[in-house]
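> sequence plus predicted model, see below.
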Amino acid sequence: MSLFKKWYNLIFLLFVLALVLIESINKKFFTNDLKVYYGALNDYKKGVSPYLNYYGLETGFFKYPPPSLLFFYPMNYFTFEMVRVIHTAFILFAIIGIFYYLTKSKFYGIILSSKAEITCSILSFLCIAVHLTREMHLGNVNVFLVFFLVASIYFYKINKNWSSFLITFLIFLKPISVFILIPLLVFDYKLLVKTIFLSVGLIAFQLLINGKDLFDLWMGWFESLKNHSNQVFSSYTFDYIFNYFFGIKMGLQGLLFLFVAIQFLLFLILKKVNKENATKLWMMINLSLIPNFIITDEQHFLMSLPLIFVILCVFSELKVYEKIILIIGLIFYSVNSKDLMGPKLNSIYEANAILGLSNLIIIIVCLLAFSSKERLAIDK
């Protein structure tokens with residue numbers, strides 16, 4: 001690894017250390033979500049359903065499916081303080097891994113110099129810095145979702161088995177990311193079948209561990225999801241955006257119709273490209289769309305990181321109006337912080353769904369950038 005890349009990773013290290021230090025000094029390094037995982041795992045070990053109680057805050061229900069408990073199980077061997085240190089270190093490794101795989105994937109035939117790759121990586125990192133701060137403050141796992149997706153994209157051409165394994169992990173850690181399977185259904189049904197078999201195998205493995213209790217665990221998970229959706233409000237979803245700006249209440253049927261329409265539009269655009277590039281871009285877009293469809297927390301917008309990196313890599317090739325729109329979108333996407341804007345500006349920002357709209361701008365510019373036959377046809 002070159003000296004430049006060592007400094008590139010050092011930036012991430014210094015950011016994480018500085019954040020942990022500042023949060024600890026201010027006694028705000030709460031990691032409430034991590035407390036939920038840890039508490040849920042302790043109950044699970046005792047034979048108590050992790051979906052019955054809240055952990056820490058009254059909103060601290062365990063919202064992950066039963067197989068995710070296998071992912072969290074190594075926490076069992078450490079104290080919570082040790083878990084917090086290990087989790088923070090893993091976030092750092094995941095960030096480094098994300099940019100490593102992004103720069104190695106040569107997505108859409110994009111070939112950059114080493115310095116250009118790292119410049120795009122650093123700019124992308126700056127765009128998600130605020131979201132990453134909240135992620136670490138809560139001790140969440142969205143960074144790992146992005147890592148699994150980017151790594152699966154890297155292995156897509158090299159080793160489909162690894163790609164399938166990583167996708168399976170991603171989906172069981174955050175089931176709503178099942179959206180990323182849609183491009184596999186269209187362009188790579190063999191990988192989809194592998195992923196389904198791995199998923200069934202993972203459930204069967206847990207059935208051996210939990211026996212008949214596994215059904216109760218799944219039912220408990222569904223109940224926990226219902227409790228969470230009733231407690232969390234989001235001003236960034238399509239439901240909120242359509243209601244706020246147009247007075248249209250989408251409801252579940254409206255959201256399903258919109259989702260299907262978007263997927264059909266993506267198919268029409270991406271069917272022109274070779275299957276590999278189409279699958280990768282579609283998976284990235286579907287992951288980034290999740291917080292626009294689902295009522296969830298702001299740090300989930302981290303899922304747009306792969307798209308941000310890709311669009312920055314081709315920034316010089318964008319049309320002038322695309323560059324202007326993208327810069328505006330990235331600025332508004334990046335400043336989602338009450339500390340940066342102050343309470344008054346932040347309330348305006350939230351009320352007008354700026355984060356959700358800026359995320360959509362990034363997605364739209366990506367589609368505009370990669371919708372030309374010339375670029376889509378690369379690597380045929």
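Structure's in. What do you need?
> now Leu34. Nearest residue, chain neighbours left out?
Closest residue in space to Leu34, ignoring its immediate chain neighbours: Gly139 at 2.9 Å, by Cβ to Cβ, 6 or more residues apart in numbering. Heads up, the C-betas are built off the backbone N, CA and C, glycines and all.
> swap in Leu266?
Trp282 is the one closest to Leu266 (Cβ to Cβ, 6+ apart), at 5.6 Å.
> who are the packing partners of the helix or strand hosting Ile364?
Of the helices and strands defined by DSSP states H and E, Ile364 is found in helix 354-369. On a contact count with 3 or more Cβ pairs under 8 Å, 6 or more residues apart in numbering; DSSP states H and E, helix 354-369 meets helix 238-246, helix 275-293, helix 305-313, helix 320-334.
> turn the ones you listed into CSV, columns for distance to Ile262, mean neighbour count and mean pLDDT.
Listed next are the helices and strands packed on helix 354-369 as CSV, based on distance: least, Cβ to Cβ, whole Å; neighbours: other Cβ atoms under 10 Å; pLDDT from 0 to 100:
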stretch, distance to Ile262, mean neighbour count, mean pLDDT
helix 238-246, 9, 16, 94
helix 275-293, 7, 23, 93
helix 305-313, 15, 24, 94
helix 320-334, 18, 16, 96
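> by mean pLDDT, flag the weakest helix or strand of the protein.
helix 373-376 (a mean of 51; mean pLDDT, DSSP states H and E).
> contacting residues around Val365?
Ile311, Leu318, Glu322, Ile325, Leu326, Gly329 (Cβ atoms under 8 Å, 6 or more residues apart in numbering).
> with adjacent residues omitted, what lies nearest to it?
Per Cβ to Cβ, 6+ apart, closest to Val365 is Leu326, 4.6 Å.
> do you know how far the one you found is from Ile11?
Note on Leu326: its distance to Ile11, by Cβ to Cβ, to the nearest Å, is 23 Å.
> again with Leu287
24 Å.
> ok, now Gly329?
23 Å.
> nearest to Ser105, of the helices and strands packed on helix 354-369?
helix 275-293 (7.7 Å; Cβ to Cβ).
> the closest one relative to helix 354-369, how many degrees between them?
On the basis of axes from the mean of the first three to the mean of the last three Cα atoms, to 10 degrees, helix 275-293 is oriented at 160 degrees to helix 354-369.
> just checking the distance from helix 275-293 to the centre of its chain.
Its chain's C-alpha centre and that of helix 275-293 lie 11 Å apart, by Cα atoms, centre = their mean, to the nearest Å.
> what packs against it?
With contacts taken as 3+ Cβ pairs under 8 Å, 6+ apart, helix 275-293 sits against helix 142-158, helix 182-187, helix 251-270, helix 305-313, helix 354-369.
> right, and the ones you listed - which one's nearest Phe293?
With Cβ to Cβ, the closest approach to Phe293 among the helices and strands packed on helix 275-293 belongs to helix 251-270: 6.2 Å.
> pLDDT of that closest one, averaged?
For helix 251-270, the mean per-residue pLDDT is 93.
> next, the buried residues of that helix.
For helix 251-270, burial by neighbour count (16 or more other Cβ atoms under 10 Å) applies to Leu255, Leu258, Phe259, Ile262, Gln263, Leu266, Ile269, Leu270.
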